[in-house]
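Participant: what follows is a protein structure lacking sequence information:
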């Protein structure tokens, strides 16, 4: 079965949620209200051979990713981290030295992003290393940016570059070394009218599709505008596919995709990070939710693309 | 490596936690403060062949346990659940019908205990089913009950019965069907002076040891007072060991262990649940942290006992 099917099952049945759930399942974070205070929560797991590879990655990089993967969700809400708890399922032969390095990396990464690790659970005897991290966050001055605020006429932007994130397994490849866009997201909501935002983890095509379905708009992307990572070009050459396919479908980009009124004047760079306008939102029509306009004049539906994580 | 070693590593290095972490690692739940509001958090995982067995248990019972295991931690703080998020790692051959049943069971169990499921993550392609649940909670009228409040002279109590929880794998065995003691914990703190509390998941001997080390006291338990589950007697007979060993070391009891001044007059039952005085706290001395006084006049250190979860 596919991840998407199960997630849609989870999201489909929210009729009975109590009123204190102020952001229900279906966004980058959920939220629960307690005494007038909204607490945002996200949970994500990293699994050996799916999200990292214990044969190629150091414990330091694995522990870091276990935290930063969640912080990318916090950035997508333009929220501020409060703290993290973690559950680790360790293989029976996992060494104490590796466990120390892993926990140290998670703890230190948490402190770098003001997201202290303050609780956890460990089980020994799994088949492969799995780390599940839950991060709590809160909105600061600005309310959380949801997926559902995009409007027809909005421009669609992405931060950084796309594609080929997992083309190399090493620690310095983007899928391990990416920078969660926490401070950039703050700068965006402080300076500009951001209507909707998501982090690009499943591939831009699918993640724009998430914004579109939540906002009841359609999306048009332009091939000539897509910012390509070098590893995306390398991967496309290796696979013999067009580079746009890697940019739209590879996933694990951990960049931000957001929409803003087309009249907004966004800089090409903000906080040292490239900002690229890649398309626009349009009213819904009978066609595909997300269309790519290619440089050869074609217009093709692309929201069925996107990366399903599978074990190797 | 043993779970205990890694957990102690995690707990050992908290010097750098910011002030908003009001309950650091080392209790049944951690807590973070936001705008004067303490939010309590616990995370726990259930793993096929360790905490349940997919060959013997229904998805309904597995999904229920994934939630109630965390709610037992909430009860141990005498806190009130706010909501839960879950991460599931599914085997590649997991059926859609099973996934639906699993998620339905988690969602329905959450609603039974006023702990709605409001977010999640799913990965497909693991070797065995693993469900990681994070529960948020808050203190109601009474502050959270920590492990560290026990005093010399306190009596030590347990709720329900102990031992043999996992003697049978079936859904109706205690380790699957237990009732998290949420409302009982509320009755306890409303009616009595509870100094320290923990949920009995590692076995009474080790969990009393947790209270003792956090509180800087020692514990003395009495064999003749231990409330034995029928399955504990059955297991002891099968293994040819004394029944007290099962009561102290089997784990997965999900009962509450708490201390209160010895002058407190606690009823034998509260909210329909048996309450048993099983020992007392004493000043620290040079001996073992927890001692069992056996009916044959022996006094033996027992806090090295306790269940390490291992895969089959």
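Facilitator: Ah, there it is. This structure is a prediction, so every number in the text was calculated from the model and none was measured.

Participant: point out the residues in the stretch 101-250 of chain A that sit beside chain B.
Facilitator: Residues of the stretch 101-250 of chain A lying near chain B by Cβ under 8 Å from any Cβ of the partner chain: A:103-104, A:107, A:111, A:114, A:116-128, A:130, A:132, A:134, A:136, A:138. Where you see a C-beta, it was placed from the backbone N, CA and C, and this is true even at glycine.

Participant: rerun at 6 Å
Facilitator: Counting by Cβ under 6 Å from any Cβ of the partner chain, the stretch 101-250 of chain A comes close to chain B at A:103, A:116, A:118-125, A:127, A:130, A:132, A:134, A:138.

Participant: filter those residues down to the buried ones, PyMOL style.
Facilitator: The buried residues among these can be selected in PyMOL (16 or more other Cβ atoms under 10 Å in any protein chain shown) with this line:
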select buried, chain A and resi 103+116+118+119+120+121+122+123+124+125+130+132+134+138
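
Participant: out of the residues of the stretch 101-250 of chain A next to chain B, which are inside helices?
Facilitator: Among these, DSSP state H puts residue A:103 in helices.

Participant: among the residues of the stretch 101-250 of chain A next to chain B, which one has the lowest pLDDT?
Facilitator: In terms of pLDDT, the lowest of these is residue A:125, showing 83.

Participant: isn't that residue right up against residue A:92?
Facilitator: Yes. Counting by Cβ atoms under 6 Å, residue A:125 does reach residue A:92; the two are 5.1 Å apart.

Participant: first to last residue in stretch A:250-268, what's the distance?
Facilitator: Distance between the two ends of stretch A:250-268: 24 Å, counting by Cα to Cα, to the nearest Å.

Participant: contact partners of it?
Facilitator: The contact list for stretch A:250-268 (Cβ atoms under 6 Å, 6 or more residues apart in numbering or on different chains) reads A:72, A:150, A:153-160, A:162-166, A:175, A:178, A:181, A:192-198, A:200, A:202-203, A:207, A:275, A:281, A:307.

Participant: what residue lies at the spatial centre of chain A?
Facilitator: Nearest to the geometric centre of chain A sits residue A:199, at 3.3 Å (Cα atoms, centre = their mean).

Participant: looking at the strand or helix carrying that one now, give me its mean pLDDT.
Facilitator: Using DSSP states H and E, residue A:199 falls within strand A:196-200. Confidence over strand A:196-200 (mean pLDDT, whole number) is 98.

Participant: which SS class is the closest residue to residue A:283 other than its chain neighbours?
Facilitator: Nearest in space to residue A:283, with sequence neighbours left out and distances taken as Cβ to Cβ, 6 or more residues apart in numbering or on different chains, is residue A:152 at 4.5 Å. Applying DSSP: H, G, I helix; E, B strand; the rest coil to residue A:152 yields a three-state assignment of coil.

Participant: do the one 3 residues further on as well
Facilitator: Reducing the assignment to helix, strand or coil with three-state DSSP, the entry for residue A:155 is strand.

Participant: spit out the contact partners of it.
Facilitator: Contacts for residue A:155 (Cβ under 6 Å, 6+ apart) come out as A:260, A:262, A:277, A:280.

Participant: how about the contacts made by the last one?
Facilitator: With contacts defined as Cβ under 6 Å, 6+ apart, the neighbours of residue A:280 are A:155, A:220.

Participant: can you give me the angle the helix or strand in which it is found makes with strand A:196-200?
Facilitator: Applying DSSP H and E as the criterion places residue A:280 in strand A:273-282. Relative orientation of strand A:273-282 versus strand A:196-200 (axes from the mean of the first three to the mean of the last three Cα atoms, to 10 degrees): 120 degrees.

Participant: next SSE downstream of strand A:273-282?
Facilitator: Going down the chain from strand A:273-282, the next helix or strand is strand A:290-293, by DSSP H and E.

Participant: so what strands line up beside the helix or strand residue A:85 falls within?
Facilitator: If you go by DSSP H and E, residue A:85 is part of strand A:80-91. Partners of strand A:80-91 in the sheet, by DSSP bridges, are strand A:117-126 (parallel), strand A:130-138 (antiparallel).

Participant: contacts for that strand?
Facilitator: A:74, A:106, A:110, A:113-124, A:126, A:130-138, A:140, B:32, B:34, B:41, B:43, B:45, B:130, B:132.

Participant: before we move on, what about stretch A:286-299?
Facilitator: A:205, A:208-209, A:212, A:218-224, A:300-303.

Participant: one more time with 8 Å, if that's ok
Facilitator: Residues outside stretch A:286-299 that contact it (Cβ atoms under 8 Å, 6 or more residues apart in numbering or on different chains): A:205, A:208-209, A:212-213, A:218-224, A:242, A:244, A:248, A:300-303.

Participant: what residues sit buried inside it?
Facilitator: Applying 16+ other Cβ under 10 Å to stretch A:286-299 flags A:288, A:289, A:290, A:291, A:292, A:293, A:294 as buried.

Participant: residue A:283 versus the second one, what's the distance?
Facilitator: The reference is to residue A:289. 12 Å (Cβ to Cβ, to the nearest Å).

Participant: now do the shared contacts for these two.
Facilitator: Here residue A:289 and residue A:283 share the contacting residues residue A:218, scored by Cβ under 8 Å, 6+ apart.

Participant: where does residue A:238 sit, in terms of helix or strand?
Facilitator: Element membership of residue A:238, judged by DSSP H and E, is helix A:230-239.

Participant: same check on residue A:297?
Facilitator: For residue A:297, there is no enclosing helix or strand under DSSP H and E.

Participant: for the stretch 1-150 of chain A, which segments count as helices?
Facilitator: A:3-12, A:59-76, A:96-112 (DSSP state H, counting those that start in this stretch).

Participant: please identify the deepest-packed of these.
Facilitator: Of all the helices of the stretch 1-150 of chain A, helix A:59-76 has the most neighbours on average by mean count of other Cβ atoms under 10 Å in any protein chain shown, namely a mean of 26.

Participant: for that one, the distance to its chain's centre please.
Facilitator: Mean-position distance between helix A:59-76 and its chain equals 10 Å (Cα atoms, centre = their mean, to the nearest Å).

Participant: how about it, does it reach chain B?
Facilitator: No. Helix A:59-76 lies out of reach of chain B by Cβ under 8 Å from any Cβ, never closer than 9.6 Å.

Participant: relative to helix A:96-112, how tilted is that helix?
Facilitator: For helix A:59-76 against helix A:96-112, the angle by the same axes, to 10 degrees is 30 degrees.

Participant: counting by contacts, list what helix A:59-76 packs against.
Facilitator: With contacts defined as 3 or more Cβ pairs under 8 Å, 6 or more residues apart in numbering or on different chains; DSSP states H and E, the packing partners of helix A:59-76 are strand A:37-47, strand A:80-91, helix A:96-112, strand A:130-138, helix A:174-177, helix A:182-191, strand A:196-200.

Participant: so which helix or strand of chain A has the lowest pLDDT on average?
Facilitator: Within chain A, no helix or strand scores below helix A:3-12, which has a mean of 60 by mean pLDDT, DSSP states H and E.

Participant: can you get me a residue count around residue A:284?
Facilitator: By other Cβ atoms under 10 Å in any protein chain shown, the residues close to residue A:284 number 14.

Participant: scratch that, residue A:180
Facilitator: Per other Cβ under 10 Å, the neighbour tally for residue A:180 reads 25.

Participant: also residue A:95?
Facilitator: 12.

Participant: before we move on, what about residue A:238?
Facilitator: By other Cβ under 10 Å, the residues close to residue A:238 number 11.

Participant: any residue of stretch A:41-48 touching chain B?
Facilitator: Yes. Using Cβ under 8 Å from any Cβ, we find that stretch A:41-48 touches chain B at A:41, A:42, A:43, A:44, A:45, A:47.

Participant: neighbour-wise, which of the residues you listed leads?
Facilitator: In terms of neighbours by other Cβ under 10 Å, the residues of stretch A:41-48 next to chain B top out with residue A:42 at 30 neighbours.
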